[in-house]
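[1] Based on what follows, work out the 3D shape:
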Amino acid sequence: MDDRVTRALSLPDDWPAHPDLSLALNRMGSFDWDLDSGLMHMDQAALDVFDMRADEYDDKPTTLAARVPPDESMRLDAMVTQALKSGRSNYGAYFRMVRRDGTPQWTHTQGFVRRDATGRPRRIIGIIRDATQELAESTARRELDEERRRQTSLVDATTAALAHARTVKDVIDVLKNSQGLAHLGATSLVMGLIEAGRIHLVADGPEGAFVPGTRYTRTDEQYPMSEVVRTLGPRFIESAEDFAASYPVLWPHISHLGITCAAYLPLIAQARPIGALGLLYSDKNGFTGDERNLLLALGSSIAQSLQRAMLYEQEHDLAEGLQQAMLPRRVPEVPGAEIAVRYRSARLGRDIGGDWYDVIPLPGGRVGAVIGDVQGHDTHAAAVMGQLRIVLRAYAAEGHSPATVMARASVFLHELDTDRFATCIYAETDLTTGVVQMVRAGHVDPLVRDADGSSRKVLVEGGLPLGLSAEFGRLEYPVSTVELDPGQTMVLFTDGLVELPGADLDEGVHLLTAMIGNGPQDLQRLADRLCASVDERGGEDDVAVLLLRRKAAHAPQPGGRLQQHVAQNDPEALSSARHMIRAAVRAWGAKGRADEVELAADELTTNALMHTDGGAIVTIRVLTGPERRLRVDVEDRSSALPRRRDAGDAGVSGRGLMLVDRLADAWGVESRGTGKCVWCEFVIPPRD
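    Numbering: from 1, shown residues only. Down below sits the predicted model:
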């Protein structure tokens with residue numbers, strides 16, 4: 001009892017406050033609207049909200065129309081009518097009104113509908129209040145929320161853009177892109193990376209913002225980027241005076257930019273600094289807590305992207321260095337030929353592929369050209385490519401026929417204990433005759449460009465890719481023979497040159513054919529144009545290109561030769577051998593004896609195929625000496641020596657060697673370790 005008395009004595013006389021006082025102090029008034037009479041009573045606080053004196057109000061709602069614009073009045077009437085008709089017991093709305101002096105004011109009203117026993121509305125009792133401050137605060141909150149959403153969106157968009165940045169240049173481009181980070185409204189952006197204990201300035205902007213002598217700075221110098229790298233903490237510069245006092249060496253060089261504040265952030269990845277980022281502003285005064293947190297979050301994201309980009313560039317440089325080391329260091333000069341080669345590494349991904357080319361000078365005015373692609377896009381593919389290139393070169397230099405070179409390379413790759421296979425084309429060209437012998441292992445067909453600029457695809461019969469042919473025991477590689485006239489260019493390439501997004505390979509080959517036909521005549525410029533076309537369309541694969549142009553016929557060299565393997569039951573190979581002989585005879589100036597040479601060679605080849613097991617190897621060459629002689633060798637694996645015999649009146653065999661004896665100036669048989677060689681020679685006129 002004593003406690004209650006004590007509390008009562010300590011309270012003010014007007015406690016608790018009357019409701020009218022509570023409403024008035026909170027700028028709220030009340031009204032009572034009698035719907036039967038149409039009169040609306042409003043207390044003084046309600047009239048104060050409407051900025052109206054008591055003597056001006058006659059208890060009629062229409063009198064309030066002087067303060068409420070017509071459109072707002074119509075909206076309020078419709079809302080009240082709807083509440084009355086729908087049976088609702090209350091309503092509420094914000095509306096605009098105009099005070100006595102003409103200034104606008106937001107107002108809020110809320111009414112409770114009282115009905116009789118039949119549900120008929122009889123009175124509306126409610127409150128009315130000044131909502132200007134409330135809505136102002138609400139607008140401020142919305143603006144703040146909108147700014148926070150904008151900042152969050154900025155972080156998300158920048159982070160997403162940085163996720164696609166693969167190189168340091170890509171990261172810089174994201175930061176300087178006005179549609180991306182937009183410098184966060186900054187006047188100038190600078191970024192430096194730590195290299196060998198110094199800070200290397202890798203980005204600055206806008207034009208004219210670079211400070212001479214700051215391309216490389218030490219971490220112990222009095223520069224803001226040096227400071228944040230040393231301290232591993234951000235530096236927020238709140239004013240121009242702060243900037244000038246803290247960094248007197250730098251400030252005179254950038255004061256013309258009108259800098260009012262700046263933010264320098266350390267770029268930290270895996271607990272170590274890799275650089276620093278600076279944002280300079282000319283229209284800000286300090287940074288809020290949210291802005292600081294935003295910049296720190298962006299700095300962390302940028303640092304992670306930069307580290308990823310630097311690791312990517314290191315790994316890509318290593319992989320590309322391996323690839324380049326596996327390719328020939330230089331292209332040999334080959335008399336009678338003009339050669340251009342190009343290798344373009346993939347633009348996407350840190351790995352490189354197994355594309356390669358090679359040019360192999362061979363005896364007798366011949367040259368071997370190789371283009372190939374090992375499956376995969378990684379350093380393992382490049383390593384396999386290097387080994388395969390070496391063995392292909394070795395087999396060709398040993399003098400094996402093109403088909404044998406390809407078959408042995410396939411066996412080598414199969415035995416290399418790798419799951420990779422390779423596609424390849426090997427073309428052996430006799431620059432004297434222009435005869436090209438090609439073998440293809442699952443590769444795209446080559447093209448030939450004529451001297452007049454027209455180009456066409458050359459269909460080369462092919463075998464399985466290297467490695468697979470050995471695995472499945474299908475080592476037969478048919479040889480296709482074509483002629484390359486002086487001025488014509490053979491175009492070898494990997495599929496990265498003709499792969500087009502959303503199109504098949506044939507369409508890419510068709511476009512390449514047109515491009516070569518319309519391309520420059522100069523071989524080096526043409527090679528550059530082909531690689532540039534891949535860059536223009538954003539090709540993602542490696543590309544190797546080899547262009548070989550036959551300049552002119554040259555005098556045959558001693559020991560020069562053309563060779564063709566003819567398998568049993570292979571009429572196309574026999575036809576190819578005849579084509580080779582016919583072209584060689586014409587090119588070597590023995591056209592007058594072309595029929596004799598072709599017929600004799602055909603007889604020796606047919607004899608070997610009919611009377612021995614296995615195929616035959618046909619070789620044609622020019623021997624120099626007191627007189628020029630054209631020699632044809634036909635080798636087989638049988639040690640049984642042929643003999644000339646009389647065919648008889650009804651005989652259909654036995655005439656072959658007699659025919660060779662009549663046609664050739666000399667012929668004979670030589671035993672070989674793996675069989676024998678039947679040969680014949682023809683005297684041909686000397687070169688002019």
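[2] Same question for stretch 300-320: list its buried residues.
    Of the residues in stretch 300-320, 300-310, 312, 316, 319-320 count as buried by neighbour count, 16 or more other C-beta atoms under 10 Å. C-beta coordinates here come from the backbone N, C-alpha and C atoms, glycine included.
[3] hmm, I was thinking of stretch 333-342
    By 16+ other C-beta under 10 Å, the buried positions in stretch 333-342 come out as 334, 336-337, 339-342.
[4] Quick one: those as a markdown table, columns for pLDDT and distance to residue 202 too.
    Listed next are the buried residues of stretch 333-342 as a markdown table, based on pLDDT from 0 to 100; distance: C-beta to C-beta, whole Å:
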| residue | pLDDT | distance to residue 202 |
| --- | --- | --- |
| 334 | 87 | 45 |
| 336 | 86 | 50 |
| 337 | 91 | 45 |
| 339 | 94 | 39 |
| 340 | 93 | 35 |
| 341 | 92 | 34 |
| 342 | 91 | 30 |
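[5] how much space between residue 409 and residue 39?
    Counting by C-beta to C-beta, to the nearest Å, the gap from residue 409 to residue 39 is 109 Å.
[6] what does residue 312 give?
    Per C-beta to C-beta, residue 312 is found 81 Å from residue 39.
[7] nearest residue to residue 514 other than its sequence neighbours?
    Spatially, and ignoring its direct neighbours in sequence, residue 514 is nearest to residue 455 (8.0 Å; C-beta to C-beta, 6 or more residues apart in numbering).
[8] Quick check, that neighbour in contact with residue 448.
    Yes - Residue 455 is within contact range of residue 448, at 6.7 Å (criterion: C-beta atoms under 8 Å).
[9] now, which of the buried residues of stretch 300-320 lie within helices?
    Assigned to helices by DSSP state H, the following of the buried residues of stretch 300-320 qualify: 300-310, 312, 316, 319-320.
[10] Now residue 41: phi and psi?
    Note on residue 41: backbone dihedrals following degrees, to the nearest 10 are phi -90, psi 140.
[11] list the contacts for the nearest residue to it once chain neighbours are set aside?
    Of all residues not flanking residue 41 in the chain, residue 32 sits nearest, at 4.6 Å (C-beta to C-beta, 6+ apart). By C-beta atoms under 8 Å, 6 or more residues apart in numbering, residue 32 lies in contact with 40-41, 123-125.
[12] Put together JSON lines for the residues you listed, with neighbour count on each row.
    Shown next, in JSON lines, are the contacts of residue 32 (neighbours: other C-beta atoms under 10 Å):
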{"residue": "40", "neighbour count": "21"}
{"residue": "41", "neighbour count": "13"}
{"residue": "123", "neighbour count": "16"}
{"residue": "124", "neighbour count": "21"}
{"residue": "125", "neighbour count": "15"}
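[13] now, among the residues you listed, which is nearest to residue 375?
    residue 124 (84.2 Å; C-beta to C-beta).
[14] Helix, strand, or coil at the closest one?
    Under DSSP: H, G, I helix; E, B strand; the rest coil, residue 124 falls in the strand class.
[15] so what's it up against?
    Per C-beta under 8 Å, 6+ apart, neighbours of residue 124: 31-33, 35, 80, 111-114.
[16] can you do 7 Å?
    33, 35, 111-113 (C-beta atoms under 7 Å, 6 or more residues apart in numbering).
[17] From residue 192, how far off is it?
    When residue 124 is compared with residue 192 (using C-beta to C-beta), they lie 71 Å apart.
[18] Touching, residue 286 and residue 261? I think so.
    Yes - the pair residue 286 / residue 261 is scored as a contact, 6.0 Å apart, by C-beta atoms under 7 Å.
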